[in-house]
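K.L.:
Quick one, what's the 3D model for this:
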Amino acid sequence: MSNEVISREELTKKRTPSELLSWVNWKRQQITSTEEGERAQILHEGLLKQFEEEVDPLAIFGQRKFGNTDQILLQPAIGKRYDAIVTDLRSNPVSQSYIEITQSHEGENDYLRRLVLSQQGFVVSGPVNKKGTKKTGLHVSISPKAFELGEIAEGELKRIVDAARRKEAKDYPINTSLIIFFKDDLSFRQVVDYTQLDTFVKKNILNLDLRFSTLYLVGQHKMFREFSLSKKT
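P.N.:
Residues are numbered from 1 along each chain as shown. The predicted model follows:
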C-alpha cells in the first residue's frame, strides 16, 4: 500500500530545508487522509519506514540547523552507507557532507506500542505484554502505569545512550555527522534543560567510539544540540 502513496523518487529528491519540512508535513497529511494510509504510517510500512524514521528527523534537523536558506540542499538516501546527503552551495567549490540518523526507541516494544495504537486508536504508558508471534498469532496489551517525571526523563536519556552505542566502532565516509532523534516532550523538558543535557552527553556519549565529525541531538519538539566529534574522524 505504502508504495502507492510515496515513491522512492519523491522520497530522495533534493530540497532546501524549508521545502523538505513543508513536503514532509504535506505528505503526512496526504497519507493519513485515509484509514489504510494512517495505519501504514503508524506501522512504518514499506517506504514509510524511511519517511518516518529518517526523512522526518532530517527535515526537523534541517530547519533548526540551517533555517530558511536556499543555499543548502538536503537529499535523503536509500541503500547507502549513510541516510542523507547535505550539499552546501555557500562554499566554493560546492561541498557535500553526509548524515547518519538513528532514534532513541524501545526496540521491539516501540513497534508493539504502534501496533496497539493502530488497532485501538490510542496507546497508554506502561509495560508492554506480548504473547505469541506473527505466525502463531500476536497478542499485545499494555498495563497502564503512571510514571514520575524523573522516571520519564531518565528512561529517555538511557535510550539516547543506547542509540549512540548502536553506532559505536562503525566506519562511515569522511565528513559524516550523526543525528540522534529523541522524544523531548514537555515532561522531559520540565526535568532536563540544555545545561543538564550537555553535561549528560559529555559524561555518557562523547567518550564512546563514535566515528563521525559531529553529533546532533535533535528533539522531536524543540531541543537541538551540536557536539564536535572531529577528533574521531
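
K.L.:
Would you tell me what helix or strand residue 74 is located in?
P.N.:
Residue 74 is located in strand 72-76, with elements delineated by DSSP states H and E.

K.L.:
That strand: how far from the chain's middle?
P.N.:
Centre-to-centre, strand 72-76 and its host chain are 16 Å apart (C-alpha atoms, centre = their mean, to the nearest Å).

K.L.:
what's that strand packed up against?
P.N.:
Here strand 72-76 touches helix 17-31, helix 56-66, strand 84-88, going by 3 or more C-beta pairs under 8 Å, 6 or more residues apart in numbering; DSSP states H and E. Just so you know, the C-beta spots here come from the backbone N, C-alpha and C atoms, and that holds for glycine as well.

K.L.:
Strands of this protein, start to end?
P.N.:
Ranges of strands in the chain, per DSSP state E, are 72-76, 84-88, 95-103, 128-131, 139-142, 176-182, 214-219, 224-228.

K.L.:
Provide the strand pairings for the third one, with the direction of each partner.
P.N.:
Sheet pairing here is set by DSSP bridges, and for strand 95-103 it gives strand 84-88 (antiparallel), strand 176-182 (parallel).

K.L.:
what mean pLDDT does that strand have?
P.N.:
For strand 95-103, the mean per-residue pLDDT is 97.

K.L.:
What of the fifth one?
P.N.:
On average, the pLDDT along strand 139-142 is 75.

K.L.:
just the helices and strands packed on strand 72-76: most buried one?
P.N.:
helix 56-66 (a mean of 21; mean count of other C-beta atoms under 10 Å).

K.L.:
Using CSV, write out the CA atom coordinates for it.
P.N.:
C-alpha atoms of helix 56-66 as CSV (Å, rounded to 0.1, in the frame of the first residue of the first chain):
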residue,chain,number,x,y,z
ASP,A,56,11.1,13.4,9.1
PRO,A,57,14.1,13.8,11.5
LEU,A,58,16.2,15.1,8.7
ALA,A,59,13.6,17.8,7.9
ILE,A,60,13.4,18.9,11.6
PHE,A,61,17.2,18.9,11.8
GLY,A,62,17.5,21.0,8.6
GLN,A,63,15.1,23.6,9.8
ARG,A,64,16.8,24.0,13.2
LYS,A,65,20.4,23.9,11.8
PHE,A,66,20.0,25.9,8.6
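
K.L.:
Nothing else from me, thank you.
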